[in-house]
Every structure is written in C-alpha cells, then in structure tokens.
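Student: the following block contains a protein sequence and its predicted model.
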Amino acid sequence: MNRTLRAIIACLFVAVITCSVVSIFTNLTPNLRLDITDQHIYTLSPGTRNIINSINQPISVTLYYSQTAALQGPDRIQFYNAYARYVDDLLREYANVSHGMIAYQFVDPRPFTDAEEQAFVQGLEFLRMGDQDREKLIFGLVLQTRFGVTETIPFFTPNRRNFVEYDITSLIDAAVNRQKPTIGVLSSYQVVGDDGNPRLMQLMLNQGLQPRISWAIINQLRQRYNIQTIPTDTSEISNIDLLLLIQPQDFSEQTLRAIDRFVVQGHPAVILADPYCSTALTNQPTDDTTTDRSAAPHQINRLLNAWGLNIPENTFAGDRSLAITQRSEQFPMPQPHIGYLRLQNTCINRDNIAAANLENIFVLLTGVLQRTNQNNPDNNIRYTTLLQTTSSGNACQIPPELARINIMDINPARLMTYFTPGNQPVCIASLISGPLQTAFPNNTDPCDSSQPQDCAVAVFADVDFITEILAYDYNPETNSYLPRNDNSSLLLNTIDLLLLNTIENSSTFSELISLRSRGSLARPFTVVDQIENQAEINYAQQFQNIQEQIDLYNQQLASLSVPNNQSDNAMTESDIFDRRREIIQQANQARRQLRQLALAKRQDIDALGNKLRLINIVLVPAVVLTIGISLALYRAYRRRKPSR
C-alpha cells in the first residue's frame, strides 16, 4: 500500500471518528453549551435564572416564526432569519435551565394551516413580504400557564433585539405573578389616552369620535403596572403604589397639598418637571397658546424647596463635550446643539442600580437641579445624583424671546452664544431619600402631625427624554413605538427601584432592572463612524460657503421679482431679464458645485472604507498564506538537509 492511499484512508478514519465523537457528545450532553460572544448574549443573566427558579407552575412557550416563507422572502426579510435563530436559541436555554417547568416548542406557521390560524387567534401580528395575501411573516411568542393565563409578544421587532431577554422574562413574571402595582399618573398634559380601554375606544370610534392616544411611555408602563389617572384638581391621592408626576402646572392649592401629603407620608414618587418642554409645543392642542412652560418648575419648586432642591426657570443644562451634531431642512449645516445632549460614561451614576448598566441617555434642553440646603444640610436626607453633565457643563439662561419658540426653530449657533463652560458637573436627575418635611406646615391634616416617614422621590428636570421626540421610533409595520435608546429604561428602572421597598415580594423588580439594563447586543462600527464624522468636519465649511451663495442668489431673484418704481426707472425690462438669467445660471452653477462636493465627500468615505475592506480581504489572508508558505519551505528545507 503506497503512502497516498494510506493518507486517504487515515483521513477517512479521522473524519468518521470526529463525526462519531461529536454525535455522542451532543446526545450525552445536550445542555452543555459554551458562549464565547463578547457580551454573552446567549447566556441567561442571574436575574432571569432567579425568576425561572421561582416558577411554581408549568409553562408552555411557543415561538411562531414563518421560517419557510422567510427563506424565500426578499432581502429585507433575511435579517429576521438570524434574529429568529437567536430567539430560538435563547428560548431553548430557558427550557434547559427551568428543570422541566418550561416546555418550549417552535412552530413554522405555513399559509392556510391550523398553525397560522392559531397564531392569529392568539393575537400575533404579521409583516407583509409581498403583494400577495399569502406572503406574511409571523414572528411572535405565546406563553400559557396551567391555569389558562395567556401572555403574548405579538411581534419581535428589530428595535427590541437588545431587550429580548427582558421581554421574555417579564412575560413569564407577568403570567406567574398576576398582581401588578398601581401607578397614579398626574399631569397637566394628556398623557394617558383612551387606548388603555379597548371597549371605550371602540365605542368612540363607532360614534365618529377620535380617541385620545396615550404617550408611548404609558403603553410601555402598562406592560408591568396598572395605570390610574389622577385628576389635576384632586384633593386626595390614595389607592396607588407610586405617583408619576409629569410637568405639573396650573395645579390648584389643594392638589399641591395632596401631592405633598402623599410624599411626606412615605409613598414613592417620580417627578418630571421641565423649564423648557418641547412637548408643550408638539403634543398639545393647537389652540393652546397660553401655555406657560415655566409654570411647571415654578409650581413644583414650592414642594422641592422644602425637600432641598430647586429647578431654575428658563434655564437649561449645556455641555459642549456632550452636544449632538444635528442638521435639519431649516438649518442644513451640521452643527452641535448645546442643549441636545448625549449622556454616557461618567454622566450616568454607575453606582445606582437604576442606571448602572445604561449606555446612552438623550436629553433636550433639560433643566438644572440645584441644592437649596447645602449651607444647612440635613444629614438624615440623602441626595443621589442619577444624571449629570461633565465638569465642563454649565447652566445656560434662556433669553425671554426664546422662551416660547419651538426647538426646531432655534438656530443652534445662536443658542451656543448664550453658553459659558463651567468647572463642575450640573445635576439633571436626582434621587431624594429620607424623612422629608412638608411644604405646608400649617396643614391641618391630622396625618401631618405624625412622625416623619422615610420617603423616596426621584426628580428629573426633563420631560422630553421620555417622549416620542427622543425615546422612541415609530414602526409603521406594527403601528407602534419602539425604544431607540436607554431613556425609557431609566424611568422604568427608577420606578422599579422605588417600588422595591413598598411592595411585598418585590424581589423580581430588582431582577428585571438588571435585565433591562443589560448591555447592547449591537456592535457599532466605530472606525466607520469616525471616518464619516471626519468627512463631515472636512467638508462642513465648504458646504456652508456654497449654501450661503445659493441663499444670496435666491434673495437677489426675490428682489428682482418684487415691483419697485426706482428699479424700474433704472433698469429696462430686458436688463431685468438678463440679470435674472445671469443669477439663475450662477445659482445653478453653485448647486452643481454643491452636488460635486457631496459626491467628493461620498467618494472620500468610500475610499477610506475600501482601505478597510482591502485590509480584511487581502492583507489578512496574505499574512496567513505567507505563514503557510514559510512553514512549507521550512519543512522542505528540513527534509532535504542531510543528516549528520
């Protein structure tokens, strides 16, 4: 038998042995897995394991995914295949660690089958993949308990891929633990709509009335809590576990006393008061022209001052190092906005469980929280900063003429002129804990004479950070809003944290906080982002110069179009025509230069990107090939080298 045949037989034996070992190992140890991803995205967190271990009844979990249809679908659907594999692997891990309490099943609902009908009966949603009615993508989850409780995730949207484990675990917790805490929402805005009551909403639609739509944050809160609306003229707040106060303004004296009494008696509260709330201009009725946004901090300061805090009116927190560069149709030049901040790293309190693992918080013209009792501090009251600027941040006073202008109508360059860098961080959100004093010492309520209670109040000097402006993206495919950052997670984490000490058996709240605050699964292309940002900086001034020329030409054309007796005497009709034609040619030339400049910028970005691709495609294989050739040459040299 020659050497070649022996080598072939040896390779075949090695292949057979390898396949046998893999098969035996897989059958004997089906639950043994190794997660080598950077953030261990296939490993269940300790919070999930603790909630699974607390399950006291069998649960069936069914994942519906149109796998066959997706494999034949267009390119935009191919993303869901990898997404579904991840969800499937994660659910199998749930079943593996549940000790038989979770029965998992994967179903591929083919068109016109009982599985498809059952998915629709359970309330799952679908995504159309083509013009035909049969081309539907179903991608949802149905969870059922032994006692008939059913919970669903109608559709796994791409925007929620970073929160899949939280969504599944909270679904399990909601199915097993049916008692939900109650949050009372008190706001001068229409925060809670009619969509929370499907029967009332349908009745209004039948009568031709337009129901009010809840804010996206309210719909997200409904997944975990019961929501109760509190009227703005209430004299007593009771039968709720936590008070959520959003932009209080034009409240009566009795309402302020009711809020103060609720907090001082030891009930938790979350207060959001914004001295410059953009939501006041975008989410309110168009005929509301008397809204005074500065009234919100002015009214709530009557309470906050007694608790050691103050929100200055018409003042926002600015920070050049955190300012986000933006552009719009009105201001096409990219430029940083001093009031539009992205909080990261040291700006987020990593020592507090509510914000420990959050990565990106966006705020818009947020207010400033100032301590009023620093000279005479109360050692029994603790102030914990949740959000702050960097040390170069500072409070910026809004001029009176800008107090009622929409944020999109303010030139960022003009707003930057009012800012002066500081030398210490500016507090944006704070947590107050301890025995708080009442803001109405002459209150005759008998409860006020009791011993001070340990209180817990979270104060945010911003409202916009939880609205659709900053916190959510609209998904037209599912007609819903999806979180785009950690803004909503911060509010939900804070609510869970405040409820920890007030709800019996509230250990699951801390577990869900750790899940919601888990790191992002997306791996950003930081090098590509740096390339594009550098290209924006290199071409920014040139874009601005050409745009100014175009604006000048448009002004000249507008002046020639306006009748003017003096110009008519000085210029004949033919002169005006020639001048207009000349200006139009110059404007077209400027626009052509603008397009060429945009093309040059795109080419520069592509050239830099091609260099990276060249390194990945050519250089790395070349290095491997060089090593292989070197080893081959070395082995050939050793064989030819005569033995001594």
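Tutor: In hand now; what should we look at?

Student: give me the nearest residue to the most centrally placed residue in the chain, chain neighbours excluded.
Tutor: The geometric centre of the chain, computed from its C-alpha atoms, lies nearest to Asn485 (Cα atoms, centre = their mean), at 2.0 Å. Nearest residue to Asn485 in three dimensions, chain neighbours excluded: Asn360, at 4.8 Å (Cβ to Cβ, 6 or more residues apart in numbering). Bear in mind the C-beta positions are built from the backbone N, C-alpha and C, glycine included.

Student: next up, phi/psi of the one you found, please.
Tutor: Here the main-chain torsion angles of Asn360 (degrees, to the nearest 10) amount to phi -140, psi 120.

Student: my guess is it contacts Pro483, does it?
Tutor: No - Asn360 sits out of contact with Pro483 when judged by Cβ atoms under 8 Å, with a separation of 10.9 Å.

Student: lowest-pLDDT helix or strand in the chain?
Tutor: Every helix and strand in the chain was compared by mean pLDDT, DSSP states H and E; the lowest is helix 565-570, with a mean of 49.

Student: helix or strand: which one has Leu633?
Tutor: Following DSSP states H and E, one finds Leu633 within helix 620-640.

Student: how far does that helix sit from its chain's centre?
Tutor: Centroid separation for helix 620-640 versus its chain: 51 Å, with Cα atoms, centre = their mean, to the nearest Å.

Student: buried stuff in stretch 157-166?
Tutor: Buried residues in stretch 157-166, counted by 16 or more other Cβ atoms under 10 Å: Thr157, Asn159, Arg160, Arg161, Asn162, Phe163, Val164, Glu165, Tyr166.

Student: could you do stretch 82-93 as well?
Tutor: Applying 16+ other Cβ under 10 Å to stretch 82-93 flags Tyr83, Ala84, Tyr86, Val87, Leu90, Leu91, Arg92, Glu93 as buried.

Student: closest to Leu341 out of the residues you listed?
Tutor: Nearest to Leu341 among the buried residues of stretch 82-93 is Tyr83, at 31.5 Å by Cβ to Cβ.

Student: mean confidence for the helix or strand where Arg6 lies?
Tutor: Following DSSP H and E, the helix or strand that holds Arg6 is helix 3-28. The average pLDDT for helix 3-28 rounds to 79.

Student: shift numbering so it begins at 28
Tutor: Done: numbering now begins at 28, and the last item shifts to helix 30-55.

Student: what packs against the helix or strand following that helix?
Tutor: Counting by DSSP H and E, the element after helix 30-55 in chain order, helix or strand, is helix 73-80. Where contact means 3 or more Cβ pairs under 8 Å, 6 or more residues apart in numbering; DSSP states H and E, helix 73-80 is packed against helix 102-124, helix 191-203, helix 534-543.

Student: quick one, the second one and helix 73-80 angle?
Tutor: Regarding helix 191-203 and helix 73-80, their directions subtend 30 degrees when assessed with axes from the mean of the first three to the mean of the last three Cα atoms, to 10 degrees.

Student: between helix 191-203 and helix 102-124, how big is the angle?
Tutor: Angle between the axes of helix 191-203 and helix 102-124 is 60 degrees (criterion: the same axes, to 10 degrees).

Student: low-confidence ranges in the stretch 528-671 of the chain?
Tutor: For the stretch 528-671 of the chain, applying pLDDT under 70 flags the ranges 528-568, 570-571, 587-599, 632, 635-636, 643, 668-671.

Student: repeat that with 80
Tutor: Residue ranges of the stretch 528-671 of the chain with pLDDT under 80: 528-607, 610, 614, 617-618, 621-622, 624-648, 664-671.

Student: starting at the chain centroid, how far to the longest helix along the chain?
Tutor: Longest helix of the chain, by residue count under DSSP state H: helix 600-641. A distance of 37 Å separates the centroid of the chain from that of helix 600-641, by Cα atoms, centre = their mean.

Student: so what secondary structure elements neighbour it?
Tutor: Helix 600-641 packs on helix 553-588, going by 3+ Cβ pairs under 8 Å, 6+ apart.
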